[in-house]
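predicted coordinates and the sequence they were generated for:
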Amino acid sequence: MSKWWQTEMFEVEKVSEAEAAERDGLADRAAESLTLAGFAVHRDVNEPSGARGALVWADPTADSGGGVFVRWLIDPALSRAAVESAQRGDVGSAEFQHYGFVTKHMHATLLAILESAGLRAEDADDDMSPYLIRVVG
């Protein structure tokens, strides 16, 4: 396995070129499935904020953090309103509740659409991104 990024403090290894190509192909299939279902699909995980719709990307890292992922991107205005409500301690606000509703239901919808298209998708079980989807085949 080759190193794709290294500092003096740590290094991260990426998968082989063959595995990276396989992940890219799987990400392409996931993106195409969501596009055919009518969603705006973004592929650049480093895209500037403001994108809306489904984000699909292949992470080339060799550890358990790597793979193919899908995440729903909510309009930044709703995200900001939800964060501001949470910072005020007002998790009962309409904005916070709506943000949670949309996030939860889009997660379930994306999972169902990917599975309907013949892909195996599951909750990524990521504490930092609780509605992250991992596409596994």
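Thanks, I have the structure now.

going forward, measure contacts and count neighbours with C-alpha atoms only.
Noted.

kindly list the main-chain dihedrals of Asp75?
Main-chain torsions, Asp75, degrees, to the nearest 10: phi -50, psi 130.

that one: neighbour count?
Under the neighbour criterion other CA atoms under 10 Å, Asp75 is assigned a count of 14.

residues touching it, list them.
50-52 (CA atoms under 8 Å, 6 or more residues apart in numbering).

try 6 Å
Contacts for Asp75 (CA atoms under 6 Å, 6 or more residues apart in numbering) come out as Arg52.

now do Val135
Contact analysis of Val135 by CA under 6 Å, 6+ apart lists 68-69, 120-121.

after the strand or helix carrying Glu84, which helix or strand is next? Please name it.
Taking DSSP states H and E as the definition, Glu84 sits inside helix 76-87. For helix 76-87, the following helix or strand on the C-terminal side (DSSP H and E) is helix 94-116.

other residues contacting that next one?
By CA under 6 Å, 6+ apart, the surrounding residues in contact with helix 94-116 are 81-82.

tell me the centre residue of this structure?
By CA atoms, centre = their mean, the chain has its centre lying nearest to Arg71, at 2.7 Å.

so it, which of the three states?
In three-state terms, and counting by DSSP: H, G, I helix; E, B strand; the rest coil, Arg71 is strand.

kindly state the pLDDT recorded for it?
Arg71 carries a pLDDT value of 95.

then the one 5 residues further on?
Pro76 is assigned a predicted lDDT (pLDDT) of 90.

how much space is there between it and Gly89?
The spacing between Pro76 and Gly89, counted by CA to CA, to the nearest Å, is 20 Å.

who's in contact with the residue nearest to the centre of the chain?
Neighbouring residues of Arg71 by CA under 6 Å, 6+ apart: 54-55, 132.

out of the contacts of Val135, who's nearest Phe39?
For these, the closest approach to Phe39 (CA to CA) belongs to Phe69, at 15.7 Å.

run a quick neighbour tally on the closest one.
24.

what's the burial count for the closest residue to it other than its chain neighbours?
Among residues not flanking Phe69 along the chain, Arg134 sits closest, at 4.6 Å (CA to CA, 6 or more residues apart in numbering). Counted with other CA under 10 Å, residues neighbouring Arg134 total 23.
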